[in-house]
Each structure stands twice: as C-alpha cells, then as structure tokens.
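Chemist: give me a 3D structure for the following:
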Amino acid sequence: MPNKDNLIPYLIGLGVACLLLGIFLFSTRDAHVELKGKILKVRTHESDENNSVAIIDFRFVNPSGYPFMVRAVTVSVQDAQGKWTEGITMPEGDSKRVLDYYKEMGPKFNDTLIPRARISSKQSLDRMVGAGFPLPVAQLENRKGMKIVVEEVDGPVSEILEKAQ
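Modeler: Next up is the predicted model:
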C-alpha cells in the first residue's frame, strides 16, 4: 500500500507535467505545414484519340502558422479499374493556350498553381492546374477520382483529392 505522505507530492508533480504537456501541444498546434482543400471542377478535352487534357480548378487553405512554398505540383487520375496514371503538368502559358484553343472547355477562372508560389499562413486561395494524360478522353471522364499532389520546398507533401463521383 502506497504511503499517503508521498501521494500528494506525486499528484502535484503529475499535474504539473500534464500542464506543461498541454502548454507544449497548444503552442505547436499550427506548426504542421500542409495544404487542405478540394477539387471544385474538372474540365476535360480530347487532344487526339489516345491523349487528353484536363483543367482542374480547386480551392485550398494553408492552416498552419507558417508560409507554404510550392516546389512541385503533379496531377494523377484513377481510372475505373483503380489504376493511377500521372499526368504531365502544364506550365501557366500552356494552360492558357489550351483554354484559348479549346473554347468549349470554357474560360480560365483562376491562376495556375506554379512552383515557387508562396501561400501565406492561414491563406485560402482558388487555383487551377492543367495536365495532359496518355489516356483517351472517355477513360478520363469515367475516372474514379483525381489527385493533386503539392510538394513544399522543405519536404512536406499535401494531397488534394477529388470526391468520388
């Protein structure tokens, strides 16, 4: 049986340790650098019988207390069988040319998320990314989902997934 005289200092020490842990966890709550978001709209078009392009509009937020500096942006599509295919991400100028050429895809609503873009702490933005895929447009349109992967310069990777259709 524990000594009652030692129980009070033990409980006080335990309380102080819990308080310090709580202060530490509270102070680091927004230190995890990542982007959270959702895909708003995917516009597709056939380039030729075996290739297609997609323009993806999405919204995201940087919930952390630190800026997010983009290193790279990639786009992948999951076909009806569950296989992921990575697309070739288009630079800003190519995305604009694709939308100018294929008028039926509609206008350019947002700026392209490009490498070296800086997303400030707590900032929310709408952006787009264009990608070419070595898939027929029918396969792209009958996809299970789409994924945008954004790498930060210091290593963290964020994924923005399309909700199931």
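Chemist: give the next helix or strand downstream of the biggest helix by length in the chain.
Modeler: Across the chain, the longest stretch assigned as helix under DSSP state H is helix 4-27. Using DSSP states H and E, the helix or strand that follows helix 4-27 in sequence is strand 36-48.
Chemist: OK, contacts around the nearest residue to Lys144 once chain neighbours are set aside?
Modeler: In this structure, Lys144 finds its nearest non-sequential neighbour in Gln78, 4.3 Å apart by Cβ to Cβ, 6 or more residues apart in numbering. For the C-beta atoms, the positions are set from N, CA and C on the backbone; glycine is no exception. Gln78 is in contact with 84-85, 143-147, counting by Cβ atoms under 8 Å, 6 or more residues apart in numbering.
Chemist: same thing with Thr85?
Modeler: Taking Cβ under 8 Å, 6+ apart, one finds 76-79, 133-135 in contact with Thr85.
Chemist: name the member of the contacts of Gln78 with the most neighbours.
Modeler: Met146 (23 neighbours; other Cβ atoms under 10 Å).
Chemist: and the helix or strand where that residue lies, what does it pack against?
Modeler: Secondary structure from DSSP H and E places Met146 in strand 145-152. If you count contacts as 3 or more Cβ pairs under 8 Å, 6 or more residues apart in numbering; DSSP states H and E, strand 145-152 packs onto strand 36-48, strand 51-61, strand 68-78, strand 157-161.
Chemist: adding mean pLDDT, write those strands out as JSON lines.
Modeler: Shown next, in JSON lines, are the helices and strands packed on strand 145-152 (pLDDT from 0 to 100):
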{"stretch": "strand 36-48", "mean pLDDT": "93"}
{"stretch": "strand 51-61", "mean pLDDT": "94"}
{"stretch": "strand 68-78", "mean pLDDT": "94"}
{"stretch": "strand 157-161", "mean pLDDT": "92"}
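Chemist: and this protein, what are its domains?
Modeler: 1-30, 36-161 (automatic domain parsing).
Chemist: looking at the ones you listed, which has the lowest confidence?
Modeler: For those, mean pLDDT drops lowest on domain 1-30, to a mean of 71.
Chemist: now the helices and strands packed on strand 145-152 as TSV including distance to Gly106?
Modeler: Below are those laid out as TSV (distance: least, Cβ to Cβ, whole Å):
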stretch	distance to Gly106
strand 36-48	6
strand 51-61	8
strand 68-78	18
strand 157-161	21
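Chemist: out of those, which is closest to Leu14?
Modeler: strand 36-48 (35.6 Å; Cβ to Cβ).
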